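K.L.:
Just a sequence and a predicted model for now, questions to come.
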Amino acid sequence: MTLRRLQAAGGAALVVLTLGLACRAGADPAAGAAADTTVPYRGTLAASFPWADAATDTTEVDAPRLTVEELLADIGRRQRADQDSLRSLAVTAVVTVVRTPDGGPVDTTGTWSVEQTALRTIREQGRPDRVVRLFERKRQVKDGVPQPLREKAVGTPRWQPQPADLAADLPFAEGSAARYRYGLRASTLVGTSLVHEVTFAPRDRFAALPSGTIWVDIADWAIRRVEARFADVVPFPWLLRAVPAYRQRQAPCGGVWFPVSETARVELRDLPLVDAGGVYDVRVELRDIVINGEACDDERAAAAAAEDSSAVAFWSAIDGAGDAALPPALIAAPALALPPLAPAQLDSLSRAGEQALAAMPSSPPWRVRLRPLAPAFNRAQGFAPRVGLRLDRVGSEARVEAQGGVGLADHRATWGLSAQAPLSRALVLGIGGVRETAAFAGDGRPGWRSWSALLWGADPNHYLDRTAWQASLAWRHDDDAWLTATAGRARELPLAVRTTWNMAGRELSPDAMRAADALDDRTVGLAGGGRVGVVTAHAAVARHRLSARDGSDDERTLDTWSCGAKAQRLDVIGNRWTLRAGGRGASGIAPAQLKSWAGDWWPGDALDGGGGSLCGWPAGTLAGDRGAWASLAVDLNADPWRALGVPGLRSLRLQPLLFAEWARAWGGPSVAGAATGSRADVGLGFSRRVDLPLAGVGSRVEVRAARAVGDGAEGEGWRVLVGIGR
């Protein structure tokens, strides 16, 4: 599966391919210093640099000097501009993958396999990729005995979403200085150009970011070579053991600098029931590149011919060192197992692939997919199996989704139906309806609480039956700003406890449910947010027309608001400081499900106005018509268990966490079991990055121990919570 993802991205750079496979990288001793190291800016060559190892010792720079961070940020902006200039791209990628299940040698006695695939990809701005397989050749060798060769000819062209843009995480992207440490290892005058060898490593030792070396050519204002690796920390650690080596070579192509060859070694873990573990050596060679309608093979040849002998010798030495470091498997396996493929054969296959891609329809077809959904479990429904159906097309935001389920304890059906259509690149229209078991007065994690309720009966959330219809118009400017207008109608009804069993046979905690208010709610609302620097903020306002469902004629208007903000930053020694704050409120007495509740653990970013964390207090400790909360957390850039060599813990990469939280609720009549006023707590904990498939990259298991402090803390002891955070 992982290799299929790698191969499917054939036309993209492997800096995206490998990071896409690995998902996003250790430290280099030479990379830790020189945060203020300056390097010469682009200018006329003729002044003396005593630290430059060059054929000539005189250069002159008539422009100011830059720090390494500023240099790479400038190049990152150039590379971003180059990427944005690619209106169209056509490329043939020859991907060679050698797998050794036990990591042993590739020879005439071992067990290994080799696979070689060529893909022709055409990419156009604003459209999904068109991809066709030109050929595929596979052979396994078991205990030195070659198995039959398996070959596939030109395949069926297909549409494929463009790979995710991971440029924001790379060390030469604008804004990366906050995540990396840089060092200037050497500067060399190569021909008429100054080349800087820059090392990089993540500031945060727990971040799954690469470390390595970049060679920057000042004359062309380009990155010509990259070496990188993921060492101690990797994304998806349950799948990936390490990415110990990655190399990329760029060349001028179509007026931009473009990756033309890449290699990587990826080590996967052995998973139950899946034969996918072992060491994978990958090489991607890009050929027949056409950028914006113009072939650039001649341009690459001309650029290579124009380099003088000293430049050729310099880059040949770097490439020779890189080739010498190539895993022997990438050289030996194809030669031992696959018949050679003549360049003329690949050329003819590329032409056949071009014809197949040209014959494709002008837009992707619609497709229907049946999707099993994770079952729900709670005190109101019991066990609730669910299934989903989706109608969409590759590369389009237009889609129709439906889902349905039934609670085995209360025999109540739940369903959802939604459709969205893009009106432009920035505007999306959506409509939909849902009957759901909604949560309130808890920690806001009904998905994760389904598992804790099923396994040991613990679920701080309380539930209501909600049937709603809604229309929305959403505007988004990249990921920097968004605005959504909504209008809808909902019927909300209280639910009772229908099931008390759980797999551990424990008593329910809590053993009863708070009652939601029975009402009809007609709502119009406006929500928006944005990101500036390290701060992300969100705010929303809504007007509700509430009608009680008790047979009375009571109808009233209620205005609600919510807001939230998050600021996160690494300090100079790599500690991550995260400040979260938020609030919500109503203009009058709010129904139970619209009140501001605080208590327990709310691991989100408080951007949805949903609730505030108070790990040292039980769920529903505070309740009011209005509320506010704030928390400050520090993820320490230290690994005490490894430093102390504690057996069993030193290899887990557990990151220490310190935090303090505060919340306040006020307004409205008192609520049984909850209070108004202020509460606070302090605590500590540890986290371990896991990147669970359902939670996404960046998810982590957290263990928090918190103690209530301040007002009302008498008699409250330590509370320990385990959950999934970000």
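P.N.:
Okay, I see it.
K.L.:
isn't there a helix covering Gly432?
P.N.:
No. Assessed with DSSP: H, G, I helix; E, B strand; the rest coil, Gly432 is strand; it does not lie in a helix.
K.L.:
Quick check: which element contains the nearest residue to it once chain neighbours are set aside?
P.N.:
Excluding its sequence neighbours, the residue lying closest to Gly432 (C-beta to C-beta, 6 or more residues apart in numbering) is Ser418, at 3.2 Å. Using the backbone N, CA and C atoms, a C-beta is placed for each residue, glycine as well. In this structure, Ser418 sits in strand 413-422 according to DSSP states H and E.
K.L.:
sorry, back to before: distance of the residue nearest to Gly432 from Val387?
P.N.:
Separation of Ser418 from Val387 (C-beta to C-beta, to the nearest Å): 15 Å.
K.L.:
Likewise for Ala663?
P.N.:
Going from Ala663 to Val387 by C-beta to C-beta gives 39 Å.
K.L.:
Which residue of the two possesses the greater neighbour count?
P.N.:
Ala663 (28 against 13; other C-beta atoms under 10 Å).
K.L.:
How about the secondary structure of that one?
P.N.:
Counting by three-state DSSP, the backbone at Ala663 sits in strand.
K.L.:
Who does it form a beta bridge with?
P.N.:
Beta-bridge pairing of Ala663 under DSSP bridges involves Trp629, Arg679.
K.L.:
and what of Ser509?
P.N.:
Where Ser509 sits in a bridge, its partners, by DSSP bridges, are Ala458.
K.L.:
re the thing from before, show the model's pLDDT score for the residue nearest to Gly432.
P.N.:
Looking at Ser418, its pLDDT stands at 97.
K.L.:
What is the neighbour count of it?
P.N.:
Residue neighbour count, defined by other C-beta under 10 Å, stands at 16 for Ser418.
K.L.:
what about it, distance to Leu429?
P.N.:
Using C-beta to C-beta, Ser418 is found at 11 Å from Leu429.
K.L.:
cool, Ala665 as well?
P.N.:
37 Å.
K.L.:
higher neighbour count, those two?
P.N.:
Set Ala665 next to Leu429 and count neighbours by other C-beta under 10 Å: Ala665 wins out with 28 against 14.
K.L.:
ok, that one - contacts?
P.N.:
Ala665 makes contact with 596-598, 622-624, 626-627, 674-677, according to C-beta atoms under 8 Å, 6 or more residues apart in numbering.
K.L.:
cool, Leu336 as well?
P.N.:
Leu336 sits next to 106-108, 141, 146 when contact means C-beta under 8 Å, 6+ apart.
K.L.:
filter those to the buried ones?
P.N.:
Buried members of those, scored by 16 or more other C-beta atoms under 10 Å, are 106, 141.
K.L.:
so which of the contacts of Leu336 comes closest to Trp602?
P.N.:
For the contacts of Leu336, the minimum distance to Trp602 (C-beta to C-beta) is 51.3 Å, reached by Val106.
K.L.:
did I read that right, that closest one in a helix?
P.N.:
No. Using three-state DSSP, the assignment for Val106 is coil, not a helix.
K.L.:
Disregarding residues adjacent in the polypeptide, which is nearest to it?
P.N.:
Using C-beta to C-beta, 6+ apart and skipping residues adjacent in sequence, the residue nearest Val106 is Ala329, 4.2 Å away.
K.L.:
Can you verify that neighbour is assigned to a helix?
P.N.:
Yes. Membership of Ala329 in a helix is supported by three-state DSSP.
K.L.:
Test my guess that it contacts Gly103.
P.N.:
No. Using C-beta atoms under 8 Å, Ala329 makes no contact with Gly103, being 10.0 Å away.
K.L.:
where does the stretch 201-350 of the chain dip in pLDDT?
P.N.:
Within the stretch 201-350 of the chain, the segments meeting pLDDT under 70 span 298-299, 304-306.
K.L.:
for it, what spans make up the helices?
P.N.:
Remark: helices assigned in the stretch 201-350 of the chain by DSSP state H, counting those that start in this stretch are 297-306, 309-324, 328-337, 343-358.
K.L.:
Give me the buried positions along the third one.
P.N.:
Think helix 328-337. In terms of neighbour count (16+ other C-beta under 10 Å), helix 328-337 has its buried residues at 329-330, 332-334, 336-337.
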